[in-house]
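Asks: Quick one: sequence plus predicted model below, questions after.
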Amino acid sequence: DQQVKQNSPSLSVQEGRISILNCDYTNSMFDYFLWYKKYPAEGPTFLISISSIKDKNEDGRFTVFLNKSAKHLSLHIVPSQPGDSAVYFCAASAQGNQGGKLIFGQGTELSVKP
Amino acid sequence: EAGVTQSPTHLIKTRGQQATLRCSPISGHTSVYWYQQALGLGLQFLLWYDEGEERNRGNFPPRFSGRQFPNYSSELNVNALELEDSALYLCASSPRVGRDTQYFGPGTRLTVL
């Protein structure tokens, strides 16, 4: 049962344009969401997070939007840069017994072309 | 500030052997998490340790086990290795129980022949 889904395996964007990465989840108990960036053969690097009490969080070029009714979140990167090319994972966690456990999507490979 | 460190970087074992992977968390972090990323798959939660205790466990067989030491470093042990155990094993740490952002190490690439 895939509780966190990233339906686009890949995305190609021109440098300077906006990159929008999407993520859907099914578990209504999830209340904390994160985005990570990963290069091959490296560990994921934390980018930005959002709590379920918010619908938007911004950090520099990165903005995460959360739509709880649709169980959907998205990561916007503006402007996109070639160095942003990597695999992006969304992850979710829930309080209680599932605390501490992050559930990851399958990832979206972003390619930013000069 | 030093990040999460893991050793070894690469580990090659044969089927049936045991593997031991090590992780040192960021200074001040008490929680350590282990994840597996098999080829072509996303990250799967394995284990969570905090203050020396196992707090949560993913859907993996008992031959995956670990421990956390008093200095908060951690070990992941995989017994009776199978070919499908070949994967990147990632360790993460966070500053307190459960709710904070997890910061990942570079991983250990385990290959089972």
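Replies: Arrived safely, thanks for sending.
Asks: All the strands of chain A, residue numbers only.
Replies: With DSSP state E as the criterion, chain A has strands at A:4-5, A:10-14, A:19-25, A:30-38, A:45-51, A:56-59, A:62-67, A:72-77, A:86-94, A:103-104, A:108-113.
Asks: Select, out of those, the one closest to chain B.
Replies: strand A:103-104 (4.3 Å; Cβ to the nearest Cβ). Backbone N, C-alpha and C define where each C-beta goes, glycine included.
Asks: right, is that closest one up against chain B?
Replies: Yes - residues of strand A:103-104 are located near chain B by Cβ under 8 Å from any Cβ of the partner chain, namely A:103, A:104.
Asks: What helices and strands are in contact with that strand?
Replies: Strand A:103-104 is packed against strand A:86-94, strand B:43-50, with contacts defined by 3 or more Cβ pairs under 8 Å, 6 or more residues apart in numbering or on different chains; DSSP states H and E.
Asks: Now residue A:8. Nearest residue, chain neighbours left out?
Replies: In this structure, residue A:8 finds its nearest non-sequential neighbour in residue A:108, 5.2 Å apart by Cβ to Cβ, 6 or more residues apart in numbering or on different chains.
Asks: Pull the contacting residues for that neighbour.
Replies: A:6, A:8, A:9, A:10, A:11, A:21, A:22, A:87, A:88 (Cβ atoms under 8 Å, 6 or more residues apart in numbering or on different chains).
Asks: Which members of those define the maximum pairwise distance?
Replies: Farthest-apart pair in these is A:22 and A:87; separation 14.4 Å (Cβ to Cβ).
Asks: so how many other residues sit close to the residue nearest to residue A:30 when sequence neighbours are not counted?
Replies: Leaving aside its chain neighbours, residue A:30 sits nearest to residue A:92 (4.1 Å; criterion: Cβ to Cβ, 6+ apart). Residues lying near residue A:92 (other Cβ atoms under 10 Å in any protein chain shown) number 25.
Asks: ok, now residue A:114?
Replies: Count around residue A:114 with other Cβ under 10 Å applied: 7.
Asks: circling back to that earlier point, switch the helices and strands packed on strand A:103-104 over to a markdown table; also include mean pLDDT.
Replies: Below are these laid out as a markdown table (pLDDT from 0 to 100):
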| stretch | mean pLDDT |
| --- | --- |
| strand A:86-94 | 94 |
| strand B:43-50 | 93 |
